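1. Take a look and give me a structure for this.
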Amino acid sequence: MAERERLIDMMRRVHARGAWHGPSVTEALAGVDHRLAAARPLDGGHTIWEIALHIAAWRGEVRARIGGRRPGTPDQGDWQQVKDTSAAAWQATRDALDASYDALSSTVRNLSDADLDRLLGTDENPSGGSTIGLTVRGIIQHDAYHAGQISLLKKSRGRPS
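-> Now for the predicted structure:
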């Protein structure tokens, strides 16, 4: 199996199902309605909703970097504030999360294994210097980390993960 195919498989596992570490992002979000998504059980902590937006935003940032944009913060910001906590807005966030996975996996699918060794950023940009492959591995780890946070927040509200 080519390295690109392994990365695509890991991305699918951490987003949808089959991750060895525990629930995928989608599995962690199972049974989360708009009220639970907006709950803030820890003062100063993030909500499930904010985490979902954060995951989607960073997937978009990784995609933009692969496309040639210099490394930076996602266009939407690192952590977005949720203003509309309706069921429809939560569904839109879930849809955006799935779309961010689809878009990033499509981008990675169109790369060659040689592309994975290409550097992102420039010497003028101190946050650059990471390869595409390392950056994709990083977003996979990022998603796994946040899937764990979502699971803990669900448990804190009496919901199984």
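2. Without its sequence neighbours, what residue ends up closest to Gly133?
-> Excluding the flanking residues, the one nearest Gly133 by CB to CB, 6 or more residues apart in numbering is Leu116, at 3.4 Å. (C-beta placed from N, C-alpha, C; glycine too.)
3. what's the neighbour count on the one you found?
-> 20 (other CB atoms under 10 Å).
4. Wait, it touches Arg137, no?
-> No. In this structure Leu116 lies outside contact range of Arg137 using CB atoms under 8 Å: 9.4 Å.
5. any common contacting residues for these two?
-> Leu7 (CB atoms under 8 Å, 6 or more residues apart in numbering).
6. which one is the residue sitting nearest the centre point of the chain nearest to, not counting chain neighbours?
-> Nearest residue to the geometric centre of the chain (CA atoms, centre = their mean): Ile55, 3.0 Å. Computed as CB to CB, 6+ apart, the closest residue to Ile55 that is not its neighbour in sequence is His146, at 5.4 Å.
7. contacting residues around the one you found?
-> Contacts of His146 (CB under 8 Å, 6+ apart): Val25, Ile51, His54, Ile55.
8. where's it, which helix or strand?
-> helix 132-156 (DSSP states H and E).
9. Now do that helix: distance to the chain's middle.
-> Taking the mean of its C-alpha atoms, helix 132-156 sits 7 Å from the chain's own mean (CA atoms, centre = their mean, to the nearest Å).
10. just stretch 71-81 next, same as before
-> Distance, centroid of stretch 71-81 to centroid of chain: 12 Å (CA atoms, centre = their mean).
11. Please spell out which residues along it are buried.
-> Residues of stretch 71-81 classed as buried: Pro71, Pro74, Gln80 (neighbour count, 16 or more other CB atoms under 10 Å).
12. of all the residues you listed, which comes closest to Ala19?
-> Distance to Ala19, by CB to CB, is smallest for Pro74 among these, at 23.2 Å.
13. As a check, name the ranges of all helices in this protein.
-> For the chain, helices defined by DSSP state H occupy the ranges 3-15, 25-29, 34-38, 48-66, 87-109, 132-156.
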